[in-house]
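*Asks:* Let me see the structure of the following:
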Amino acid sequence: MPNIEPFRIRFTELEKTLSKPETFQDNLTASELSKEHRRLQSILEVFDKITDLEDQLIQCESLSEDPELAEEVKIEVELLTSEITINKEKLMISMLPPDPEVGKNTIVEIRAGTGGDEASLFAGDLYRMYTRFAETQGWSVECLSQSNSGTGGFKEVIFIVKGEDAWSKMKYESGVHRVQRIPITESGGRIHTSTSTVAVLPEAKDVEISIDPSDLEISVCRASGPGGQGVNTTDSAVQIQHIPSGINVYCADERSQLKNKNKAMTVLRSRLLQKKQAEENAKYAQNRKSQVGTGDRSERIRTYNFPQSRVTDHRVNYTSHALQETMMGEISHIISCLEKEDLDEKIRTVHLNQNE
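*Replies:* Just a heads-up that it's a prediction; the model follows:
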């Protein structure tokens, strides 16, 4: 059995803290403490349930020598043993450190990598795949910034996904995505390999990232792109440079300069939050460069092979031939495998730490 005492001690501390009226003067702090209190309470309840089941098992086994009860006791022992095993697994999972980003909205950045026009078209395909997946999950999607290519794809597209479990599922999509297919521009029928990079960032809240206005260099200009009504007529595009970090954000999606500025600030805050996390804890938070690599063909987390109608996630050696369904947004089958592997790895770590 794992050592439960640190959890019990912390639970007792929270009980005392939450009983004080002054704790609730800060709503954010009170909310976080209450959330932690509920989590610890559930852990202790599972542990106490296991203890109770083990006591029942001992009592049951003590009756096994009675010939008249032997068969009935055998069945009961099997049931209790199975229930204990299930609850011990549940306990291990509940003791895992909670992801601090759970419940946050999620910013997704897709950029065309190696492969020219075909890479841009593939970036557009990924954008459509994610927006359709978001629809099936009941999430909302808002485009923050986009740079179109001349072939109908994207050089870059940044969008925010709003939903309770958006981060929990979308976080696995960070990395290089590789496509193998015959481009529409290919007259010789040859298969080309192209890539697009995906970075997934939790949306940063104002309380998490403090930005000094004097650290910002904000410039406005006319949005570039195809002509049309309301385009290139006002200085609505906004570029923000965060001088200390060197991070640049450009947004020209809206006709309103204020809306573009707000969107740009949303992206900037999230990038700064990720940078802060990477510096504080390199083990659990990687910077954007390590998320997406260089975009080279040899670096990939997933391959979409159109001639074979196959999609393969290389991190878990998972292959499916439901490529068309996947490109239409049905990616839950891949994410489920990644979630399971992630959970198994965390449980292995807990076991390892408990044995040290």
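*Asks:* from here on, contacts and neighbour counts on C-alpha atoms
*Replies:* Fine.
*Asks:* Strands of the stretch 1-150 of the chain, residue ranges please.
*Replies:* Counting by DSSP state E, counting those that start in this stretch, the stretch 1-150 of the chain has these strands, from start to end: 106-112, 140-148.
*Asks:* can you pull the buried residues of the longest one?
*Replies:* Okay, so that is strand 140-148. Under the neighbour-count criterion of 16 or more other Cα atoms under 10 Å, strand 140-148 has 141, 144-148 buried.
*Asks:* which residues are contacting that strand?
*Replies:* The list of residues contacting strand 140-148 from outside it, by Cα atoms under 8 Å, 6 or more residues apart in numbering, reads 131, 134, 154-163, 250-253, 263-264, 267.
*Asks:* coming back round to it: pipe the strands of the stretch 1-150 of the chain into TSV and attach distance to Ile209 per row.
*Replies:* Formatted as TSV, the strands of the stretch 1-150 of the chain follow (distance: least, Cα to Cα, whole Å):
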stretch	distance to Ile209
strand 106-112	16
strand 140-148	19
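*Asks:* nearest to Arg39, of these?
*Replies:* Go through these one by one with Cα to Cα and the one that ends up closest to Arg39 is strand 106-112, at 23.5 Å.
*Asks:* Can you name the residues in contact with that closest one?
*Replies:* Contacts of strand 106-112 (Cα under 8 Å, 6+ apart): 119-120, 122-123, 126-127, 154-162, 166-167, 170, 195-203, 267, 270.
*Asks:* that older thread, so which of the contacts of strand 140-148 belong to helices?
*Replies:* Cross-referencing the contacts of strand 140-148 with the helices (criterion: DSSP state H) gives 131, 134, 263-264, 267 as the overlap.
*Asks:* tell me the contacts of Glu330?
*Replies:* Glu330 sits next to 129, 132-133 when contact means Cα under 8 Å, 6+ apart.
*Asks:* correction: Ala264
*Replies:* Counting by Cα under 8 Å, 6+ apart, Ala264 has contacts 144, 238-240, 249-251.
*Asks:* List just the nearest of the residues you listed to Ser19.
*Replies:* Once Cα to Cα is applied, the member of those that ends up nearest Ser19 is Leu144, at 43.1 Å.
*Asks:* quick one: the closest one and Asn3, what's the gap?
*Replies:* For Leu144, the distance to Asn3 (Cα to Cα, to the nearest Å) stands at 46 Å.
*Asks:* for Ile331, same thing?
*Replies:* Relative to Asn3, Ile331 is positioned 38 Å away (criterion: Cα to Cα).
*Asks:* So for those two, which residue has more residues nearby?
*Replies:* Ile331 (17 against 8; other Cα atoms under 10 Å).
*Asks:* who are the neighbours in contact with the more buried one?
*Replies:* In this structure, Ile331 makes contact with Phe133, judged by Cα under 8 Å, 6+ apart.
*Asks:* which residues in the stretch 251-356 of the chain form strands?
*Replies:* Using DSSP E, counting those that start in this stretch, the strands found in the stretch 251-356 of the chain span residues 302-305, 310-313, 318-320.
*Asks:* biggest strand in the chain by residues?
*Replies:* Among the elements of the chain assigned as strand by DSSP state E, the one spanning the most residues is strand 192-202.
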